[in-house]
Structure formats: C-alpha cells, structure tokens
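Novice: sequence and predicted structure below; questions after.
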Amino acid sequence: MFYHGVLTSCNGFVYNMGAALLDIEKPWKVIYRSKPYLLNPRTLYECVGDVPNVVFPCASLQDAATGKIAIYYGCADTVTGLAFCQVDEIIDWLRKNSEL
C-alpha cells in the first residue's frame with residue numbers, strides 16, 4: 001500500500017509518500033511500514049504549484065508477469081507524476097527501512 005504523510009516544517013506543510021505491507025489474511029495488520037519517505041517533493045513540478053511541496057499517491061498498477069509497479073502521484077496539486085519500481089525492490093526496501 002502506498003500512502004501520504006504530512007511533515008510540519010518551519011516553511012509549512014510537506015506531503016511525502018510512504019509504503020506499507022499489510023497481512024493478506026488480516027489487512028488491518030501492518031507487517032512493514034516505511035520509516036523514511038519513499039518519495040518526497042524534490043523537482044520543480046513537485047515543489048511549485050497550487051499547493052507547494054506535495055507528492056501523494058493517486059493509484060498504482062502492478063504487472064504480475066514482470067513485477068513492475070507504476071505509481072501515479074499528485075505533484076503540488078497541479079500535475080500528475082508517474083514513478084516506476086519493482087515489487088521485490090519495494091518489499092526488500094520495506095524490510096530494511098520499517099519502523100515496526
């Protein structure tokens with residue numbers, strides 16, 4: 001699962017993206033949750049717009065045959081971004097960077 005979180009900084013709010021792995025039998029049980037952000041505003045289109053310093057996941061698609069994930073995400077409430085990753089890379093990253 002991809003989600004967004006909000007950091008309150010001296011310059012205002014910053015919206016970042018995190019990831020979590022939920023138990024397939026008990027989806028309310030969190031197995032891993034990212035401690036560091038998976039994605040945060042860095043590029044101009046993520047930092048400048050209707051609402052600055054914002055990235056938030058909108059949708060994700062996964063290709064079971066290749067393990068590739070496409071994540072559509074909002075950028076500064078102005079444009080939509082697209083990021084790619086692999087299922088095994090995300091799960092490995094979560095194992096190494098979980099706060100649970």
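Specialist: Thanks, I have the structure now. Everything quoted here is computed from the prediction, not taken from an experiment.

Novice: quick one, strands of the protein?
Specialist: For the chain, the strands defined by DSSP state E occupy 2-9, 12-22, 30-33, 55-63, 68-75, 79-86.

Novice: look up which residues are beta-bridged to residue 13.
Specialist: Beta-bridge partners recorded for residue 13 (DSSP bridges): residue 8.

Novice: count the neighbours of it for me.
Specialist: 12 (other C-beta atoms under 10 Å). (Glycine included, C-beta is placed from N, CA and C.)

Novice: who are the contact partners of the most centrally placed residue in the chain?
Specialist: When C-alpha atoms, centre = their mean is applied to the chain, the residue found nearest the centroid is residue 17 (3.1 Å). For residue 17, the contact set (C-beta atoms under 8 Å, 6 or more residues apart in numbering) comprises 2-5, 37-40, 55-57, 71, 73.

Novice: biggest helix in the chain by residues?
Specialist: Looking across the chain with DSSP state H, the single longest helix is helix 87-96.

Novice: contacts for that helix, please.
Specialist: Residues from elsewhere that reach helix 87-96, judged by C-beta under 8 Å, 6+ apart: 19-21, 32-34, 38, 62, 67-69.

Novice: chain center to it, what's the gap?
Specialist: The chain centre lies 13 Å from the centre of helix 87-96; the measure is C-alpha atoms, centre = their mean, to the nearest Å.

Novice: any idea of the mean pLDDT in that helix?
Specialist: For helix 87-96, the mean per-residue pLDDT is 96.

Novice: quick check: buried residues in it?
Specialist: Neighbour counts over helix 87-96 (16 or more other C-beta atoms under 10 Å) mark 90, 93-94 as buried.

Novice: in TSV, list those residues along with distance to residue 81.
Specialist: Shown next, in TSV, are these (distance: C-beta to C-beta, whole Å):
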residue	distance to residue 81
90	17
93	19
94	21
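
Novice: now, among these, which is nearest to residue 27?
Specialist: residue 94 (15.9 Å; C-beta to C-beta).

Novice: out of everything not next to it in sequence, what's closest to the closest one?
Specialist: residue 32 (4.0 Å; C-beta to C-beta, 6 or more residues apart in numbering).
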